[in-house]
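K.L.:
Sequence unavailable; structure follows:
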């Protein structure tokens, strides 16, 4: 039981520290925006950022640019996937995990349609339960399970793109989250290369069929543009100590002030180290004000090509805004994909009961250890 009386003094200090920081924030935010307005396009493109401790996004347009798209296509197709999983449970009598991929395809206009389903897959064989990373074998859970689930999502999305490619209307395909696969950064070289190659099959299909794919990140905490501002000031003689005040800011703080509803930011290049393993690099990103929040949109490099063709960026902006408007602030297709993918607590309970019943019906005896029994049945 948590004794709140013992931590109340520290709670007060923590809250006061936050209040003081928030009072300083408007002035620091104003300085950050004024600095951003001084940064032109294509700056620092050949810069080596390996010696600095923060990430820097490099702009391929004027850094403070704002772009509005007025006309939305009323006839288009939106495709999305999402995933959910039941992780291995050492307290359960069987070792397994389950991945459930939800997909949704929505057609708008005169030939409107709606397709949605989920694809569950149970993994219990030894070869599936463990992943070899370097010289070690690890049970597939945590980041490894997230990575495997993402690959399954990308496979289904690639398949649905191909199935709808000949409909002769604009198509957008969305992943709920980043295209930059942070979860593999701590793995060995062989694993990273294999994972990225598998994930980039989605990019290959997108190029082949000329259908854009994008990562939609709600509630982003990225600081790449804050890093750009810090680096610009550093290059202009500001000391590192004087730059620490900007650390309280996130990119969405800046673009929450800068962008009006429906506007996107300039397009930036991500320079995070994990991207060196990508064949289709760089990954570009921009921020978009949907009217309810400012979101980060990530796109593969081929969406823009040589950095001069922004027609697909315009299409992505238009269709995401349309989806967000229909979904009252969040894309309908992503919301519906989540509903298809989600695994509720009752689902896991029912699945494990079914497994127990099947074992018992076949005469297999098993016991639950006292600790697990206590956690599940504790009472006074």
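P.N.:
In hand now; what should we look at? Bear in mind that the values here come from a model prediction, so they are computed numbers and not experimental data. Numbering: from 1, shown residues only.
K.L.:
pretty sure residue 115 contacts residue 80?
P.N.:
No: using CB atoms under 8 Å, residue 115 is not in contact with residue 80; the gap is 11.4 Å. Every C-beta, even on glycine, is put in place using the N, C-alpha and C of the backbone.
K.L.:
Give the residues shared as contacts by those two.
P.N.:
Here residue 115 and residue 80 have 103-104 as joint contacts, going by CB atoms under 8 Å, 6 or more residues apart in numbering.
K.L.:
So for the two, which sits in the more crowded spot?
P.N.:
residue 80 (29 against 13; other CB atoms under 10 Å).
K.L.:
In what element of secondary structure is that one found?
P.N.:
Assigned by DSSP states H and E, residue 80 belongs to strand 77-86.
K.L.:
Report the separation between the nearest residue to residue 279 once chain neighbours are set aside and residue 353.
P.N.:
In space, and not counting its chain neighbours, residue 279 is closest to residue 200: 5.8 Å by CB to CB, 6 or more residues apart in numbering. Distance, residue 200 to residue 353, by CB to CB, to the nearest Å: 40 Å.
K.L.:
Among the two, which residue is more densely surrounded?
P.N.:
Applying other CB under 10 Å to residue 200 and residue 353 shows that residue 200 carries more neighbours, namely 19 against 10.
K.L.:
Can you name the next helix or strand after the helix or strand residue 12 falls within?
P.N.:
Assessed by DSSP H and E, residue 12 sits inside helix 8-36. Sequence order places strand 58-59 as the next helix or strand after helix 8-36, per DSSP H and E.
K.L.:
Residue nearest the middle of the chain, spatially speaking?
P.N.:
When CA atoms, centre = their mean is applied to the chain, the residue found nearest the centroid is residue 177 (1.7 Å).
K.L.:
which residues in the stretch 51-200 of the chain form helices?
P.N.:
Along the stretch 51-200 of the chain, the segments classed as helices by DSSP state H, counting those that start in this stretch run 126-129, 143-164, 189-199.
K.L.:
Give me the contact list for the shortest one.
P.N.:
Right, the one you point to is helix 126-129. With CB under 8 Å, 6+ apart as the criterion, helix 126-129 contacts 88, 95-97, 123, 139-140.
K.L.:
Show the average pLDDT along that helix.
P.N.:
Helix 126-129 carries an average pLDDT of 91.
K.L.:
Same question for that helix: list its buried residues.
P.N.:
If you call a residue buried by 16 or more other CB atoms under 10 Å, then helix 126-129 has these buried ones: residue 129.
K.L.:
and what of the second one?
P.N.:
When burial is assessed from 16+ other CB under 10 Å, helix 143-164 yields the following buried residues: 144-158, 160-161, 164.
K.L.:
Surely the residue nearest to the centre of the chain and residue 216 touch.
P.N.:
Yes: at 7.5 Å, residue 177 counts as touching residue 216 under the criterion of CB under 8 Å.
K.L.:
what number of residues lie near residue 101?
P.N.:
For residue 101, the neighbour count with other CB under 10 Å is 24.
K.L.:
what's around the residue lying closest to residue 56 once chain neighbours are set aside, how many residues?
P.N.:
In space, and not counting its chain neighbours, residue 56 is closest to residue 227: 4.3 Å by CB to CB, 6+ apart. Look at residue 227: counted by other CB under 10 Å, it has 22 neighbours.
K.L.:
how near is residue 227 to residue 270?
P.N.:
For residue 227, the distance to residue 270 equals 11 Å [CB to CB].
K.L.:
Give me the common contacts of these two.
P.N.:
The contact sets of residue 227 and residue 270 overlap at 55, 57 (CB under 8 Å, 6+ apart).
K.L.:
Can you name the residues that contact the residue nearest to the centre of the chain?
P.N.:
Residues near residue 177 by CB under 8 Å, 6+ apart: 150, 215-217.
K.L.:
Rank those by pLDDT and give me only the lowest.
P.N.:
Across the contacts of residue 177, the smallest pLDDT goes to residue 150, namely 92.
K.L.:
what about that residue, distance to residue 99?
P.N.:
Residue 150 is 10 Å from residue 99, by CB to CB.
K.L.:
Quick check: neighbours shared by these two?
P.N.:
What both residue 150 and residue 99 touch, as defined by CB under 8 Å, 6+ apart, is the set residue 83.
K.L.:
could the contacts of helix 126-129 go into JSON lines alongside distance to residue 10?
P.N.:
Shown next, in JSON lines, are those (distance: CB to CB, whole Å):
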{"residue": "88", "distance to residue 10": "36"}
{"residue": "95", "distance to residue 10": "41"}
{"residue": "96", "distance to residue 10": "42"}
{"residue": "97", "distance to residue 10": "38"}
{"residue": "123", "distance to residue 10": "43"}
{"residue": "139", "distance to residue 10": "36"}
{"residue": "140", "distance to residue 10": "38"}
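K.L.:
neighbours around residue 134, how many?
P.N.:
So residue 134, with other CB under 10 Å, has 11 neighbours.
K.L.:
my guess is it meets residue 190, correct?
P.N.:
Yes: proximity of residue 134 to residue 190 meets the contact threshold set by CB under 8 Å, at 7.5 Å.
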